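A.B. asks: okay, predicted coordinates and the sequence, questions at the end:
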Amino acid sequence: MSVVDLARFMDDLATQSGQAILPFFRAHFGLDDKARGGAAFDPVTEADRAAEVVLRNMIRQTFPTHGVLGEEFGAERLDAECVWVLDPIDGTRAFIAGLPTWGTLIGLTRGGMAVRGLMHQPFLNERFFGDGASAKLRHARGERTLRTRRCESLNEAILATTDPRLFAEGEEAERYRAIEGSVRMARYGADCYAYCMLAAGQIDLVVEAGLKPYDIVALIPIVEGAGGVVTTWDGGPATQGGRVVAAGDRRLHAAALAALNP
């Protein structure tokens, strides 16, 4: 497939999965706890499963030799050169609460590197997409190029994290609290939207822990395409998830790594 065709295919994935999800949003639907009564509530909805089935079927039909890793139905052919990494609803808690800060994450890796990503918010009709070299936002008012903003120091930064309670108590939580105490402002609960707002120049820094590959792979080409940087806390590749830091300015990223690794 050409680059243009691949972009069109990812658009089709977004459209079809969005059509599967939207009937469930702000409606009554089935809800399961993947933690099965454990300490941390880990919800999954009928919408998550319906959307991932759509995505997997479309990928299987179009790229039968590609691998797939999805949140709801696991892994297929992870040894393939190209692997699709899917999170049908990133921000399930927001989805359950009727808040539009969730999105469908569609990422593609080649040789283990995140090369393309799309975040689709069908309720708001917004699509953020990138290939590591450029990033754009498409919505009802048109399309625009995404660029991160300049922000050199922590004390000037707006920081986002999904939930500060997700950091493991002890050293990990202490490191996060130290960096939050250094920034201008912190916001919680945006999930994948935080990374897209970083790419759009609204947020400067995202610090997370406990991520899975499907939480981050699609977002890496968007942030990097807008001029930002995404790594683990120790500065390594973030494609496997774990403890992740994303910044719009490389100087801020360096300052964040220094704060997270005292």
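C.D. replies: Perfect, I can see it now.
A.B. asks: stretch 185-199 spans what distance, first to last residue?
C.D. replies: 18 Å (Cα to Cα, to the nearest Å).
A.B. asks: got the buried residues for that stretch?
C.D. replies: Ala186, Gly189, Ala190, Asp191, Cys192, Tyr193, Ala194, Tyr195, Cys196, Met197, Leu198, Ala199 (16 or more other Cβ atoms under 10 Å). All C-beta spots, glycine's among them, are computed from the backbone N, C-alpha and C.
A.B. asks: what of stretch 161-169?
C.D. replies: Those would be Thr161, Thr162, Leu166, Phe167, for stretch 161-169 by 16+ other Cβ under 10 Å.
A.B. asks: please tell me how far the third one sits from Thr232.
C.D. replies: The spacing between Leu166 and Thr232, counted by Cβ to Cβ, to the nearest Å, is 16 Å.
A.B. asks: now do the contacts for the residue lying farthest from the centre of the chain.
C.D. replies: In the chain, the residue that sits farthest from the middle, by Cα atoms, centre = their mean, is Pro262; the gap is 26.9 Å. Shown in contact with Pro262 (Cβ atoms under 8 Å, 6 or more residues apart in numbering): Arg175, Ala178.
A.B. asks: mind listing the helices for the stretch 51-200 of the chain?
C.D. replies: 92-96, 171-180, 192-199 (DSSP state H, counting those that start in this stretch).
A.B. asks: those: lowest mean pLDDT?
C.D. replies: With a mean of 91, helix 92-96 has the lowest mean pLDDT of the helices of the stretch 51-200 of the chain.
A.B. asks: pull the CA atoms of that one into PDB?
C.D. replies: The C-alpha coordinates for helix 92-96 follow below in PDB (Å, rounded to 0.1, in the frame of the first residue of the first chain):
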ATOM      1  CA  THR A  92     -12.900   4.100  29.600                       C
ATOM      2  CA  ARG A  93     -13.600   5.800  32.900                       C
ATOM      3  CA  ALA A  94     -14.300   9.000  31.200                       C
ATOM      4  CA  PHE A  95     -16.500   7.200  28.700                       C
ATOM      5  CA  ILE A  96     -18.500   5.600  31.500                       C
END
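A.B. asks: report all helices and strands that it contacts.
C.D. replies: The helices and strands touching helix 92-96, judged by 3 or more Cβ pairs under 8 Å, 6 or more residues apart in numbering; DSSP states H and E, are strand 43-45.
A.B. asks: now the strand it packs on: average pLDDT?
C.D. replies: 58.
A.B. asks: follow-up on the earlier one: out of the buried residues of stretch 161-169, who's nearest Pro88?
C.D. replies: Thr162 (17.2 Å; Cβ to Cβ).
A.B. asks: report pLDDT for the spatially closest residue to the closest one that is not a sequence neighbour.
C.D. replies: With Cβ to Cβ, 6 or more residues apart in numbering as the criterion, Thr162 has its nearest non-adjacent residue at 5.5 Å, and that residue is Asp191. Among the per-residue scores, Asp191 holds a pLDDT of 95.
A.B. asks: so which bits of stretch 21-29 are buried?
C.D. replies: Neighbour-count burial for stretch 21-29 [16+ other Cβ under 10 Å]: Ile21, Phe24, Phe25.
A.B. asks: of the residues you listed, which belong to helices?
C.D. replies: Ile21 (DSSP state H).
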